[in-house]
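1. Here is a sequence together with a model predicted from it:
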Amino acid sequence: MATWLHDNELTDEEVAEELSAASLRSWSKQLVLLFVLLVVAWLLFDQGTKAYFNDYEVGQSIMPSVLGLFEFTLVHNTGAAWGVFGDSTFALGILSICVCLLLAGYYLATIRSSVKTSVTSALIKTLGVGLVVSGGIGNAIDRFTLGYVVDFIDLSFMDFPVFNIADIGVTCGVVLFLIAVILEYRATSKSISVSFEEEK
């Protein structure tokens, strides 16, 4: 019995590796859950605001300028920003869904390695990809069900396309994703540098 226990006793390094692997799995699962919750919550926020503002007349100024920054004006957009690809709403919806699927697949395939590299960058990546996917799905739902995207946020201080909550998610999500990529790259470079110095 003593021999069996001795043969199966884990070294300190092996225990550390097992704890590290368990922590990695735990963090990955929590971040995936956060990703799903964020996609659902932002999507509900987007669809709820669109349903509210779409009850008004197109072109109607729903609320005066807020602090000179923005106002609410209903616009039905059948194209993309600045009216490009007008009347291509279905094709743009298909494109949005394809991009969202690719992003979600990429996220799920890489989140564990991201956590291993840097928990901070993995968290930021989760928020970024979640917002982009949610925003893309939100606008795609509009295109498939309504034939246009409901936009209502109109900037007062500059000439800019009217946009919506989904667009905010996509824009902020892209910025967060790029920040995560930079942080992950720096963490990887630092790790490689440390390993190289230890080998020397």
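-> Right, received. Where do you want to start?

2. Run a quick neighbour tally on the closest residue to Ser134 other than its chain neighbours.
-> Spatial nearest neighbour of Ser134, excluding adjacent residues (Cβ to Cβ, 6 or more residues apart in numbering): Trp42 at 3.9 Å. Where C-beta positions appear, they are placed from N, C-alpha and C, glycine not excepted. Using other Cβ atoms under 10 Å, Trp42 has 24 other residues around it.

3. Tell me where the protein has strands.
-> For the chain, the strands defined by DSSP state E occupy 61-66, 70-77, 149-155.

4. Of all those strands, which one comes closest to Asp167?
-> strand 149-155 (7.6 Å; Cβ to Cβ).

5. Would you mark the buried spots in that closest one?
-> Judged by neighbour count using 16 or more other Cβ atoms under 10 Å, the buried positions of strand 149-155 are 149-154.

6. got it, and stretch 60-76?
-> Using 16+ other Cβ under 10 Å as the test for burial, stretch 60-76 gives 70-76.

7. helices or strands up against the longest helix anywhere in the chain?
-> Counting residues, the longest helix found in the chain (DSSP state H) is helix 12-53. For helix 12-53, the packing partners by 3 or more Cβ pairs under 8 Å, 6 or more residues apart in numbering; DSSP states H and E come out as helix 89-117, helix 119-145, strand 149-155, helix 165-199.

8. would you turn the ones you listed into CSV with distance to Glu57 and mean pLDDT?
-> As requested, the helices and strands packed on helix 12-53 are arranged in CSV below (distance: least, Cβ to Cβ, whole Å; pLDDT from 0 to 100):
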stretch, distance to Glu57, mean pLDDT
helix 89-117, 20, 93
helix 119-145, 18, 96
strand 149-155, 12, 94
helix 165-199, 20, 82
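
9. So which of these is nearest Val66?
-> strand 149-155 (10.1 Å).

10. That closest one vs helix 165-199, what angle?
-> If you take axes from the mean of the first three to the mean of the last three Cα atoms, to 10 degrees, strand 149-155 sits at 80 degrees to helix 165-199.
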